[in-house]
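A.B. asks: Here's a sequence, model it:
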Amino acid sequence: MDEQAKTQGGEGDNMLEPADWHAFRGQMHDLLDRCLDRMERAEDHPWQAPPDGLQEAYAIGQGGDLVARLADEVMPYHSGNTHPQFWGWVQGSGLPSDLMAGLVGAAMNANVGGRHHGANAMEAAVIDWTRRRMGMGDAASGVLVTGTSQATVLCLQAARMRALPDLRAKGATAPMAVYAVDGVHNATRKAVELLGLGHEALRLIPTCDGVLDVQALRAAIDKDRAKGILPLAIVATAGSVDLGQFDDLNALADLAQTQGIWLHVDGAFGAWTRLAGDPWHSLTDGIGRADSIALDFHKWMYVGYDVGLALIADEADHRAAFAIRPPYLQGSKDGLSGGDRWFCDFGIDLSRGNRALKVWCALEMFGEEAFAAAITRNCEQAALLGALVEAQGMALVAPIVSNICVFTARPDLSEQDQSSLNRQIATTL
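C.D. replies: Numbering: from 1, shown residues only. A predicted model of the protein is given here:
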């Protein structure tokens, strides 16, 4: 074993500490410089195909110079989204502030399931900031999660609890239906399946002018009621994954209110148009009227993976779906086991990292105005791309609504040949 490797593991009672903290400090400074170099020169590091045998290179037990291995065997084989010309999918680039949050978060190693410590207050502050930006009232509640997929499950479970108060004791006692636009993100289907409804309970409603047809939705609800099926929730889409379309949230809120149905908004990336300038800000008008919203910070808020949010309009609905306190989780008036908000009462995770730290660092380092400007600029860039596409003899496939521009390179070809060519272009880009 080389000398540097010897500093990476202690001996005797201290086997899980560095053998030489001074040497380890030097290694960490070296690693930090390498990470900063990679971030500062992100344009020099596009995606590259991982080499054959990489899994063998990662085989456990090889030891060696860990800093060099991280720099040479790990960091080069990223997924591409950190590069400024990465155009694939709706994936954020991450931020320099993530590096600060990662260092502090690792040093603190907070479990944000509950108890009385600073990470809980930080998560509450991030949730409250988001609640206000989304236009929800003071009674709203939230919990940070891995992403919109998990948030959707939590929100629809809260919807089920409101519809069936005995659900946690007796299980579902009535057939239910969930309504969403045809083409809704796969997260909704997964949530419906995970909650035991079965994906046949997901009613896919056709579009009208690119968004969910409210009249068709009303007819589907009436049809289910006539069959004795309980309409559980309407899932509105704020920024569809394929075209960037936005359902009419006010119209859906009006219908949900008159029908007594839970309104959930899939705002994975599109919810953040609440920070954008005109005309994009108005795309999410009415979002604050929803019973729940699922959104991601690691998409259009650019922070590193992973951090999403389940936001629910009524804390009582939220807590009723998840809170349980066995003896080993009983709080107290004073000390570490005190505190009046335990996030394990609002989701399925008891062991939770401090996801709020990345969001808090980003907002404190750059300011809300910087994110508002970046989101607005992305929409302007999509519009510019559309103009360039048409000027070059290519063709738009759909109107540009927000930050997604869908086009075909050779509209004169057959659909099959267009698809083949477009796939080749996308792969090359």
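A.B. asks: Chain neighbours aside, what residue packs nearest to Phe24?
C.D. replies: Nearest residue to Phe24 in three dimensions, chain neighbours excluded: Pro18, at 3.8 Å (CB to CB, 6 or more residues apart in numbering). All C-beta spots, glycine's among them, are computed from the backbone N, C-alpha and C.
A.B. asks: Which pLDDT value belongs to that neighbour?
C.D. replies: On the pLDDT scale, Pro18 is placed at 94.
A.B. asks: How about Phe269?
C.D. replies: Predicted confidence (pLDDT) for Phe269: 92.
A.B. asks: what's the distance between it and Gly171?
C.D. replies: Distance, Phe269 to Gly171, by CB to CB, to the nearest Å: 34 Å.
A.B. asks: now Tyr302
C.D. replies: 41 Å.
A.B. asks: Compare those two and say which is more crowded by neighbours.
C.D. replies: Neighbour totals were compared for Tyr302 and Gly171, and Tyr302 leads with 21 against 9 (other CB atoms under 10 Å).
A.B. asks: which residues in this structure form strands?
C.D. replies: Secondary structure of the chain (DSSP state E): strands located at 141-145, 176-181, 202-205, 207-208, 211-212, 230-237, 262-266, 292-296, 308-312, 395-396, 407-408.
A.B. asks: For these, give me a markdown table that also has distance to Arg69, mean neighbour count and mean pLDDT.
C.D. replies: A markdown table is the format used below for the strands of the chain (distance: least, CB to CB, whole Å; neighbours: other CB atoms under 10 Å; pLDDT from 0 to 100):
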| stretch | distance to Arg69 | mean neighbour count | mean pLDDT |
| --- | --- | --- | --- |
| strand 141-145 | 32 | 26 | 98 |
| strand 176-181 | 46 | 25 | 98 |
| strand 202-205 | 46 | 20 | 98 |
| strand 207-208 | 50 | 14 | 94 |
| strand 211-212 | 50 | 24 | 94 |
| strand 230-237 | 43 | 26 | 98 |
| strand 262-266 | 40 | 28 | 98 |
| strand 292-296 | 31 | 30 | 98 |
| strand 308-312 | 31 | 28 | 98 |
| strand 395-396 | 46 | 15 | 97 |
| strand 407-408 | 42 | 18 | 96 |
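A.B. asks: To Ile425, which of these lies closest?
C.D. replies: strand 407-408 (9.7 Å; CB to CB).
A.B. asks: TSV please, covering the strands of the chain and showing distance to Gln55.
C.D. replies: Shown next, in TSV, are the strands of the chain (distance: least, CB to CB, whole Å):
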stretch	distance to Gln55
strand 141-145	29
strand 176-181	38
strand 202-205	37
strand 207-208	44
strand 211-212	44
strand 230-237	38
strand 262-266	35
strand 292-296	29
strand 308-312	29
strand 395-396	42
strand 407-408	38
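A.B. asks: Quick one: closest of the ones you listed to Gln245.
C.D. replies: The nearest among these, by CB to CB, is strand 211-212 at 5.7 Å.
A.B. asks: Next, work out how far apart the closest residue to Trp272 other than its chain neighbours and Trp342 are.
C.D. replies: Closest residue in space to Trp272, ignoring its immediate chain neighbours: Trp300 at 4.2 Å, by CB to CB, 6+ apart. To Trp342, Trp300 is 30 Å away according to CB to CB.
A.B. asks: Comparing those two, which shows the higher neighbour count?
C.D. replies: Neighbours around Trp300 and Trp342, counted as other CB under 10 Å, are more numerous at Trp300. The numbers are 25 against 19.
A.B. asks: Quick check: phi and psi on the residue lying closest to Gly339 once chain neighbours are set aside?
C.D. replies: Take Gly339 and drop its neighbours on the chain: the residue closest to it by CB to CB, 6+ apart is His116, 3.5 Å away. Dihedral pair for His116: phi -110, psi 90, per degrees, to the nearest 10.
A.B. asks: Return the distance of Asp182 relative to Arg218.
C.D. replies: On the measure of CB to CB, Asp182 and Arg218 end up 16 Å apart.
A.B. asks: same check, this time on Pro165
C.D. replies: To Arg218, Pro165 is 26 Å away according to CB to CB.
A.B. asks: How many residues are close by Leu103?
C.D. replies: For Leu103, using other CB under 10 Å, the count is 13.
A.B. asks: leaving aside the residues next to it on the chain, what's closest to it?
C.D. replies: Nearest non-adjacent residue to Leu103 (CB to CB, 6+ apart): Leu32, at 8.0 Å.
A.B. asks: now swap in Pro399 and tell me
C.D. replies: Closest residue to Pro399 apart from its sequence neighbours, by CB to CB, 6+ apart: Gly210 at 7.3 Å.
A.B. asks: OK, contacts around the one you found?
C.D. replies: Going by CB atoms under 8 Å, 6 or more residues apart in numbering, Gly210 touches Leu243, Gln245, Ala398, Pro399, Val401.
A.B. asks: For the residues you listed, could you give me CSV that also reports neighbour count?
C.D. replies: Formatted as CSV, the contacts of Gly210 follow (neighbours: other CB atoms under 10 Å):
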residue, neighbour count
Leu243, 20
Gln245, 24
Ala398, 16
Pro399, 13
Val401, 23
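A.B. asks: Which pLDDT value goes with Gly335?
C.D. replies: With respect to pLDDT, Gly335 scores 85.
A.B. asks: Number of residues surrounding the nearest residue to it once chain neighbours are set aside?
C.D. replies: In space, and not counting its chain neighbours, Gly335 is closest to His116: 7.0 Å by CB to CB, 6+ apart. The number of residues packed near His116 is 17, by other CB under 10 Å.
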